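S.K.: Quick check, what structure comes out for this input:
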Amino acid sequence: LIDELLHRQLRGASGLLPPITYRLRCALGAIPCVCGIPVDGRRVAAIRRATGETEGKLCLIGGVIAYLESIEEALRRHFLEDLGVRIELCDGAFNRPWRVAEYGPRAEFNREVGKHAVASIYLVRMIGEIRFGAKSCGPPEARGIEWFDLDSQPQISEFADGEHEIYQQALATVADWPRK
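M.R.: Alright, predicted model coming up:
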């Protein structure tokens, strides 16, 4: 039934789709997300998650992109909510993510079981002092932030599933950057 309703709404549609269509697309397919990896010289950072099924694990910073929210707005919002900091991109533009990853079902993405997410991932610099739990509603999602480099990496078991590989690629990327 949902598939038929969605098909009817999309038939002949052009331009902006209504919010219900966005919610239906998320219900039937991947949930759009955005994540950032903080960079400081040759080091990168991950948050230690305070809630959810990845509690205690090292994770990317980010989350779901809201309806009519740009990728840039969503990433900036997630850094403000989780860490209380502003960000700037290390390289490139928001129309050119550093990596794209697909995540299997997690409660953090959606209350409904069986949903997965596709995330655009960016390398960012944080601006300002970190303030955990800066968002005004709900419990803080991060209980700490950990910086590491090629020589001082956490164990694979400390990361949320699959995120160790993303951090390995980020470390390799920043190791190749020219020194300032």
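S.K.: so who does the residue most central in space within the chain touch?
M.R.: Of all residues in the chain, the one closest to the mean position by Cα atoms, centre = their mean is Cys35, 2.3 Å from it. Applying Cβ atoms under 8 Å, 6 or more residues apart in numbering to Cys35 gives the contacts Leu60, Ile61, Gly62, Gly63, Leu75, His78, Ala101, Ala119, Ser120, Ile121, Tyr122. C-beta: built from backbone N, CA, C; applies to glycine.
S.K.: ok, so what distance separates it from Ala74?
M.R.: 10 Å (Cβ to Cβ, to the nearest Å).
S.K.: list the residues that contact both of these two?
M.R.: Contacts common to Cys35 and Ala74, judged by Cβ under 8 Å, 6+ apart, are Gly62, Gly63.
S.K.: Give me the buried positions along stretch 148-168.
M.R.: Under the neighbour-count criterion of 16 or more other Cβ atoms under 10 Å, stretch 148-168 has Phe159, Ala160, Glu163, His164, Ile166, Tyr167 buried.
S.K.: what about Ala30, how many neighbours?
M.R.: 15 (other Cβ atoms under 10 Å).
S.K.: Next one, pLDDT for it please.
M.R.: Per-residue confidence (pLDDT) for Ala30: 75.
S.K.: Would you confirm that it contacts His116?
M.R.: Yes - using Cβ atoms under 8 Å, Ala30 is in contact with His116, at 5.6 Å.
S.K.: Need the overlap of contacts for these two.
M.R.: Glu102.
S.K.: thinking again about what came up before, out of the contacts of Cys35, which two sit at the greatest distance?
M.R.: Pairwise distances across the contacts of Cys35 (Cβ to Cβ) peak at 15.3 Å, for the pair His78 and Ala101.
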